[in-house]
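One predicted model, sequence on top.
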Amino acid sequence: MFSITVNDKGIIVLTGRFDASQVDAAREVFAKLESSAVVDFKDLDYISSAGLGVLLATQQRLKKGGKAMKLVHMNRMVRDVFKIARFDLIFEIE
Amino acid sequence: MREQFEKDIGSLDAVFGFLRRFADQERLDARASYVLDLAVEEFFTNIVKYGRGTGNDVLLEAVRSGQTVTVRLEERTPEPFDVTRPTQTQFDIPFAERKPGGLGIHIAREMLDGLTYDYVDGTSRITLTKHLET
């Protein structure tokens, strides 16, 4: 189960498991992002390289316009995946 | 535990279900369970995208022996095709040009304790090993 929503504060909220079968749904939401944004990982239990690929492509597109995503509230395992991928050098993670 | 899965991204839910049943049966901790899910996903999706198998199925087998868990992915292939080979992970190229290719295998390799490929009697076999914390 995976869901991606934008709450009333404009924060993108990821919930559940972001695996390769969820890439299209996530890409649809991130493609609409045109300004800097916060992505809340509090309820995200799992991410694989498929999810990282969507986030990387979005960050690259935003940075061209001087914008960026900030990622918050990651659990330990998800944070470890980001570190191994060296995505902690690409994103501000809080 | 052994089960066959159709070589399709749509099979991922069933693959995770298989791994969840194995984790429950063997009382694996959350970290080991996450690592196995991630590694199996990365190799299963690689087989779906790039595999050269003659059949339409991938066989998964999960076994626990003491404090070691082994998961095998097998598919029939006409010749050896090693999807576990290290690929360029692009850490040294500028951020704007970086692509996710090869990332999944790199992450899986870092999180696992063992990763081997062998080819026997027309079958490509990827073996993932994870030692459990005591």
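Everything's here; your move. Numbering: from 1, shown residues only, chains lettered A, B, ... in the order given.

Flag every residue of chain B that's near chain A.
Residues of chain B lying near chain A by Cβ under 8 Å from any Cβ of the partner chain: B:9-10, B:12-13, B:16, B:30-31, B:34, B:37-38, B:41-42, B:45, B:91, B:95-96, B:98-100, B:103-104, B:106-107, B:110-111. For every residue, glycine as well, the C-beta is placed using N, CA and C.

partners of the strand ranked longest in chain A, with directions?
Secondary structure of chain A read by DSSP state E shows that its longest strand is strand A:37-47. Using DSSP bridges, the strands paired with strand A:37-47 are strand A:12-18 (parallel), strand A:69-72 (parallel).

now the helix or strand following the first one: mean pLDDT?
In this case it means strand A:12-18. Scanning the chain past strand A:12-18 towards its C-terminal end, the next helix or strand to appear is helix A:23-30 (assignment: DSSP states H and E). Looking at helix A:23-30 alone, the average pLDDT works out to 94.

Which neighbouring elements make contact with helix A:23-30?
Other helices and strands packing on helix A:23-30, by 3 or more Cβ pairs under 8 Å, 6 or more residues apart in numbering or on different chains; DSSP states H and E, are strand A:2-6, strand A:12-18, helix A:49-64.

Throw the ones you listed into CSV and include mean neighbour count, thanks.
Shown next, in CSV, are the helices and strands packed on helix A:23-30 (neighbours: other Cβ atoms under 10 Å in any protein chain shown):
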stretch, mean neighbour count
strand A:2-6, 16
strand A:12-18, 20
helix A:49-64, 19
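
Is it possible to get a markdown table of those that adds distance to residue B:56 and mean pLDDT?
Converted to a markdown table, the helices and strands packed on helix A:23-30 look like this (distance: least, Cβ to Cβ, whole Å; pLDDT from 0 to 100):
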| stretch | distance to residue B:56 | mean pLDDT |
| --- | --- | --- |
| strand A:2-6 | 26 | 94 |
| strand A:12-18 | 25 | 97 |
| helix A:49-64 | 22 | 95 |
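
and of those, who's closest to residue A:38?
Between residue A:38 and these, the shortest gap by Cβ to Cβ is with strand A:12-18, which sits at 7.1 Å.

Contacts only, for residue 5.
In the absence of a named chain, this looks at chain A. Residue A:5 makes contact with A:12, A:13, A:15 under the criterion Cβ atoms under 8 Å, 6 or more residues apart in numbering or on different chains.

oops, I was thinking of chain B
Residues counted as contacts of residue B:5 (Cβ under 8 Å, 6+ apart) are B:11, B:14, B:15, B:18, B:44, B:57, B:58, B:59, B:60.

Helices of chain B, start to end?
According to DSSP state H, chain B carries its helices in the segments B:12-26, B:30-50, B:103-111.

quick revisit: kindly write the ChimeraX command that selects the buried subset of the residues of chain B next to chain A.
For anyone working in ChimeraX, the buried entries among these, judged by 16 or more other Cβ atoms under 10 Å in any protein chain shown, can be selected with:
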select /B:9,12,16,34,37,38,41,42,45,98,100,103,104,106,107,111
